[in-house]
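**Student:** Next comes the sequence, and after it the predicted model I'd like to discuss.
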Amino acid sequence: METTEIFQHLLTWTPYLLGGFAMNIWISIVAMVIGTGIGWALASLRLSSHPRRVKISLVATEFSRSIPTIVFQFYLAFMLPSEILLPYFKTIISFPVWIKAALALAIAVIGFTSDNLTIAMDEWKKGNHHAAFLFIPSWTSYALIIVMASSTASIIGVSELVSRCNTVINATGNTRLMLPIYLYACLFFFCFCYPLTLLMKRISRQLKLRYGMES
Amino acid sequence: MTAAQAQTVKTPAVSERLALIHERGAIIVGVKTDYPPFGMLDANGVPEGFEHDLAADIAKRLGVQLRKVSVTGSNRLQKLQEGVIDLVLATTGDTAERRQIVTMIEPNYYASGVTLFMPPTANIKDWADTRGQLVCATQGSYFNRLMQQRYLMELQMYNNARDAKLAVKDGRCIGYLFDNTAVINDLANPEWKGYKAPLPPTLNTPWAMAISKSEKGTEFERKLGDIVADWHRNGFLLEREKAWNIPPSKFLADTSTLWKKDDADGAAHCRRLADGSWRTECRNQVFLTSTDVGGLAQLGLWLNETTGINLTLVYDSFDRRQFFFGLLVTLALTVLCITCSLLLGWAGAVFAESRTWLLSATARLLGTVGRMTPPLLCMYLLLFGVGAILSESAGIALPAFGVVVFCLSVYTGAGVMTALLDAATAYRLQHGEFRLHFANTSQIARLASGSVTASLINVSKATMMASAVAVPELLSATTSIINERGNVGVMMNALLLTFLLIIFAVVRVIRQLEQKILARVA
């Protein structure tokens, strides 16, 4: 296949692939919001003065750290119904598969937030505000890890970037397109993650410098 | 039997699913799009095929819209159980095992057998020649296990037909085990010029539409059965077979003749008995069974019948072996990935700190790219993208296991590298002129150990990704048992528990090693 032809193919499918990548980001946002919320609650419990609460939080954190995301994705895909017909209201509540993927990713975020926010909140209480602020860049870096991990949602059938690559290859029946299209998908991830990583590095350095002088 | 007697057929139970279908005004049918001419995408990407015509007719007769969901051999029954689809109409063989999981609609609407799709150079003349050979197959096919037991072949499982056929092309296996109906179409395709399927079809099995197990004996099952019976009687199936240029099937011709037959009293020969089932001679007599019933197995079956818990994992030697082999593969992957990640990350960090500008820049660039490439994408890229080119130009087949270890190790190694470099930077704040070497790494070990350990624990959690590229690890073994047995709850809990144990063990071992290393360093 000619190079120009490959580029034409890629160009044609770009909107479709971008739509898939938007799904990756959307899943990641949902996972980060849910995971951070629950993780924050666990972190607050960990700093509580009741030993029992601390213990409950520690056990919950340990579990969320140990459950592999992919296994949990499959677990939810199999065990959660995808539609529930409410008998009296006659409405259908649906659990689309992307929500299951996001919930599975959120489990990992809970563990991360619980651990890191505990440290940050502790530092804040001690008055080390600069150390507490370091939570923000590390949280963002973790969000990028989640964006990368969201590609595994393709295994349970979420129509995100990687799964759309496979769809395009199948639809065109063109096996020569495989290498360019997967490389193209890599580029999506790189172009999204690289600038953000640089930005977070800079913010983190500046935080350290600025508050480092104050303290 | 008189016409009056024939009318006293028991009224079927009310169907929740049918109510749901009418509520949403559409029936969701799982169909294939990778199995021409039964189910495929046309030039514009619109799904069509023999089975798509059948699905359209069902929707028309039920008076609802048709919504099609593309399914594969490995997920069609799962999707039915998850409730994502109402009906599976996707080249599903009607077997005794599957009847334990779902409700098969009688009568059967088509039939197929198994054959081996082979490259032009293959010289397998007989099924017996496949003994001990590596053969590609798709996950969820009813014949996988039987063929494996009968011909002692080794199966390499793929998620879909495309991946399996590409594996044959790349020389990763001697051939692809598939339905003779599907192979006929591939052989006619110019892409597979010279490929052949000379072995006589074996294990001939009729196909059935399937609905959820809980819908057995309902109005939904009754309606669908009546529709298929009508297709046989009015020649719709034969006419569609011809329209899609499918070589005439003996099964379809025989079945249609049987269903068209009238009794002396003018009533149809094949009709429902009082309990709602079809007359015995019109039903599918031959079910394939592969369950050997003996001591432990009997106990397991008894437990299944009384409690509904199906522990095939414990009593079925085949499932047990599959699961434990999966466990071994997962453990091997874990150990290899951890070791390689650590070595790659360490080497990467040392090179990145090198005085040679070119070496340092290359290491840093590779580290950044590695950290920002999702491992799953990397596996597809290497195995299918690069793999296809390598096999075409040099005849080399990339091993899936190696590719998985490589991709996971590169991703995690990049994380380890970053952790080491960060630690080196922190160390420099206090010890000005520090530069990382293999020899002085111990000085930053304490600073880096936390993040490095976290990365290594993460890679052990990620090894299940290997199931996406046909490495027979634990997740892959579990889904393949579920496909066959339908014991979703038991298997999923067993899988989650096993993985929790593995991760706890890995964490313990890594922490202990970490302590030992730190103690020695100090």
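**Tutor:** It's in. Residues are numbered from 1 along each chain as shown, chains lettered A, B, ... in the order given.

**Student:** need the contact list for the residue in the stretch 401-522 of chain B that chain A sits nearest to.
**Tutor:** Of all residues in the stretch 401-522 of chain B, B:Lys461 sits closest to chain A, at 3.9 Å by Cβ to the nearest Cβ. From N, CA and C alone the C-beta is placed, and that goes for glycine too. Applying Cβ atoms under 8 Å, 6 or more residues apart in numbering or on different chains, we find B:Lys461 in contact with A:68-70, B:499, B:503.

**Student:** Repeat the analysis, applying 6 Å as the threshold.
**Tutor:** A:Pro68 (Cβ atoms under 6 Å, 6 or more residues apart in numbering or on different chains).

**Student:** Locate B:Asn204 within the secondary structure: which element?
**Tutor:** In this assignment (DSSP states H and E), B:Asn204 forms part of strand B:202-207.

**Student:** lowest-pLDDT helix or strand in chain A?
**Tutor:** strand A:83-85 (a mean of 71; mean pLDDT, DSSP states H and E).

**Student:** And the residue nearest the centre of chain A, what's its pLDDT?
**Tutor:** Among the residues of chain A, the one closest to the centroid is A:Ile146, at 2.8 Å (Cα atoms, centre = their mean). A:Ile146 is assigned a predicted lDDT (pLDDT) of 94.

**Student:** Quickly note the distance from it to chain B.
**Tutor:** 11 Å (Cβ to the nearest Cβ, to the nearest Å).

**Student:** Skipping adjacent residues, who's closest to that residue in space?
**Tutor:** What sits nearest to A:Ile146 in space, not counting adjacent residues and going by Cβ to Cβ, 6 or more residues apart in numbering or on different chains, is A:Ser28, at 4.6 Å.

**Student:** Quickly find the element holding the one you found.
**Tutor:** helix A:3-46.

**Student:** between the following helix or strand past that helix and helix A:3-46, how many degrees?
**Tutor:** Next in sequence after helix A:3-46, counting helices and strands by DSSP H and E, comes helix A:51-66. For helix A:51-66 against helix A:3-46, the angle by axes from the mean of the first three to the mean of the last three Cα atoms, to 10 degrees is 160 degrees.

**Student:** which other residues reach helix A:51-66?
**Tutor:** Against helix A:51-66 from outside (Cβ under 6 Å, 6+ apart): A:42, A:45-46, A:107, A:110-111, A:114, B:500, B:503.

**Student:** Pull the most distant pair out of these.
**Tutor:** A:Leu45 and B:Ile503 (22.9 Å; Cβ to Cβ).

**Student:** mind listing what's buried in the helix or strand containing A:Ser141?
**Tutor:** Following DSSP H and E, one finds A:Ser141 within helix A:135-149. By neighbour count with 16 or more other Cβ atoms under 10 Å in any protein chain shown, helix A:135-149 contains the buried residues A:135, A:137, A:139-149.

**Student:** Out of those, which is nearest to B:Ser141?
**Tutor:** Taking the buried residues of helix A:135-149 together and measuring to B:Ser141 by Cβ to Cβ, the closest member is A:Ala149, at 30.5 Å.

**Student:** Distance-wise, check the closest one relative to B:Asn180.
**Tutor:** Going from A:Ala149 to B:Asn180 by Cβ to Cβ, to the nearest Å gives 41 Å.

**Student:** how much space between B:Leu152 and B:Asn180?
**Tutor:** Distance of B:Leu152 to B:Asn180, given as Cβ to Cβ: 22 Å.

**Student:** Around chain A, pick out the residues from the stretch 351-500 of chain B.
**Tutor:** B:372-374, B:376-377, B:380-381, B:384-385, B:388, B:461, B:464, B:468, B:488, B:492, B:496, B:499-500 (Cβ under 6 Å from any Cβ of the partner chain).

**Student:** Are any of those buried, and if so which?
**Tutor:** Judged by 16+ other Cβ under 10 Å, buried ones among those: B:372-374, B:376-377, B:380-381, B:384-385, B:388, B:461, B:464, B:468, B:488, B:492, B:496, B:499.

**Student:** In chain A, which residue sits closest to chain B?
**Tutor:** A:Leu179 (3.4 Å).

**Student:** How about that residue: what's its closest non-neighbour residue?
**Tutor:** Closest to A:Leu179 by Cβ to Cβ, 6+ apart is B:Gly385, at 3.4 Å.

**Student:** got it, and B:Leu456?
**Tutor:** B:Ile338 (5.1 Å).

**Student:** That neighbour against B:Asn458, yeah?
**Tutor:** No - judged on Cβ atoms under 6 Å, B:Ile338 makes no contact with B:Asn458 at a distance of 10.2 Å.

**Student:** What's the per-residue pLDDT of the residue nearest to B:Thr218 when sequence neighbours are not counted here?
**Tutor:** Spatial nearest neighbour of B:Thr218, chain neighbours left out: B:Ser15 (3.7 Å); criterion: Cβ to Cβ, 6+ apart. Predicted confidence (pLDDT) for B:Ser15: 92.

**Student:** which residues does B:Ser15 contact?
**Tutor:** B:215, B:218-220.

**Student:** can you do 8 Å?
**Tutor:** Contact analysis of B:Ser15 by Cβ under 8 Å, 6+ apart lists B:215, B:218-221.

**Student:** which of these tops the neighbour count?
**Tutor:** B:Phe220 (28 neighbours; other Cβ atoms under 10 Å in any protein chain shown).

**Student:** and the helix or strand harbouring that residue, anywhere near chain A?
**Tutor:** Element membership of B:Phe220 [criterion: DSSP H and E] is helix B:219-234. No - under the criterion of Cβ under 8 Å from any Cβ of the partner chain, helix B:219-234 makes no contact with chain A; the nearest approach is 14.2 Å.

**Student:** That helix packs against which elements?
**Tutor:** Counting contacts by 3 or more Cβ pairs under 8 Å, 6 or more residues apart in numbering or on different chains; DSSP states H and E, helix B:219-234 is packed against helix B:16-24, helix B:50-62, strand B:210-212, helix B:250-260.

**Student:** Repeat the analysis, applying 10 Å as the threshold.
**Tutor:** helix B:16-24, helix B:50-62, strand B:102-104, strand B:210-212, helix B:236-243, helix B:250-260 (3 or more Cβ pairs under 10 Å, 6 or more residues apart in numbering or on different chains; DSSP states H and E).

**Student:** Now mean neighbour count and distance to B:Asp230 too, for the ones you listed, in a markdown table please.
**Tutor:** Listed next are the helices and strands packed on helix B:219-234 as a markdown table, based on neighbours: other Cβ atoms under 10 Å in any protein chain shown; distance: least, Cβ to Cβ, whole Å:
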| stretch | mean neighbour count | distance to B:Asp230 |
| --- | --- | --- |
| helix B:16-24 | 17 | 18 |
| helix B:50-62 | 20 | 9 |
| strand B:102-104 | 23 | 18 |
| strand B:210-212 | 24 | 18 |
| helix B:236-243 | 16 | 8 |
| helix B:250-260 | 16 | 9 |
